[in-house]
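Chemist: build me a model from this:
(chains A and B)
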Amino acid sequence: GAGVSQSPSNKVTEKGKDVELRCDPISGHTALYWYRQSLGQGLEFLIYFQGNSAPDKSGLPSDRFSAERTGGSVSTLTIQRTQQEDSAVYLCASSLSGGLEEEQYFGPGTRLTVT
Amino acid sequence: RKEVEQDPGPFNVPEGATVAFNCTYSNSASQSFFWYRQDCRKEPKLLMSVYSSGNEDGRFTAQLNRASQYISLLIRDSKLSDSATYLCVVNEVGNFNKFYFGSGTKLNVKP
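Modeler: Numbers count the residues shown, from 1 in each chain, chains lettered A, B, ... in the order given. Okay, here's the model as predicted:
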């Protein structure tokens, strides 16, 4: 079946512009995660959704970052007034119900470059 | 201090070798532990969960040491296809759906 998809795969934007990243989780998965990975670094947790709710937004790096999920499916991560330090690969993952032991299935990521 | 720490490597080993990686975590009450594998410029994929009693999946063995707060991954009879970065993952207690990923240990298996 279809896995997690993300769009765009690559995004180059100028400093100060807003960008919107999209994630389509595996159908039926209620849990959705956003991470970012800077070059040579591990994954940094950003936010988690259970259904349309995000119980913890503390991982978002600044108030320029926001995320939403609608219909318990598609999620968008928005970065306003992008900065060069926002350049990274943004990864989305989903799991069946958010259980502690569940596998997270990752999408291919969106590579964001802020010039 | 990082929540999860790993030796970045790289570990360069010949085919057929046995190699082991360790990962330490800072929160003694963490409950879920995993090893993920990430190939170059690809997304991470689950390799195996780590259970308290230790578990094995073919050539791969994972161990958890709660007293010392580390988990390990042992790969026997290394294959060229094992070359990848191995990520240690630990959940955060109190916010069960927040997971911490280590920076990864890079393995290069050479002919």
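Chemist: run through who's touching the least confident helix or strand in chain B by mean pLDDT.
Modeler: When the helices and strands of chain B are scored by mean pLDDT, DSSP states H and E, strand B:99-101 comes last with a mean of 91. Around strand B:99-101, the neighbours that count as contacts under C-beta atoms under 8 Å, 6 or more residues apart in numbering or on different chains are A:33, A:35, A:42-45, A:104, B:3-4, B:25, B:32, B:36, B:44, B:87-92. All C-beta atoms are positioned from the backbone trio N, CA, C, and that covers glycine.
Chemist: the same query, at a cut-off of 7 Å, please.
Modeler: When contacts are defined by C-beta atoms under 7 Å, 6 or more residues apart in numbering or on different chains, strand B:99-101 is touched by residues A:Gly42, A:Leu43, A:Phe45, B:Glu3, B:Val4, B:Leu87, B:Val89, B:Val90, B:Asn91, B:Glu92.
Chemist: now stretch A:99-110
Modeler: Residues from elsewhere that reach stretch A:99-110 (C-beta under 7 Å, 6+ apart): A:3-6, A:8-9, A:11, A:21, A:23, A:26, A:33, A:89-96, B:31-32, B:43-44, B:46, B:49, B:91, B:96.
Chemist: how does it look with 8 Å?
Modeler: For stretch A:99-110, the external contacting residues (C-beta under 8 Å, 6+ apart) are A:3-11, A:21, A:23-24, A:26, A:29, A:31, A:33, A:37, A:89-96, B:31-32, B:42-46, B:49, B:91, B:96, B:99.
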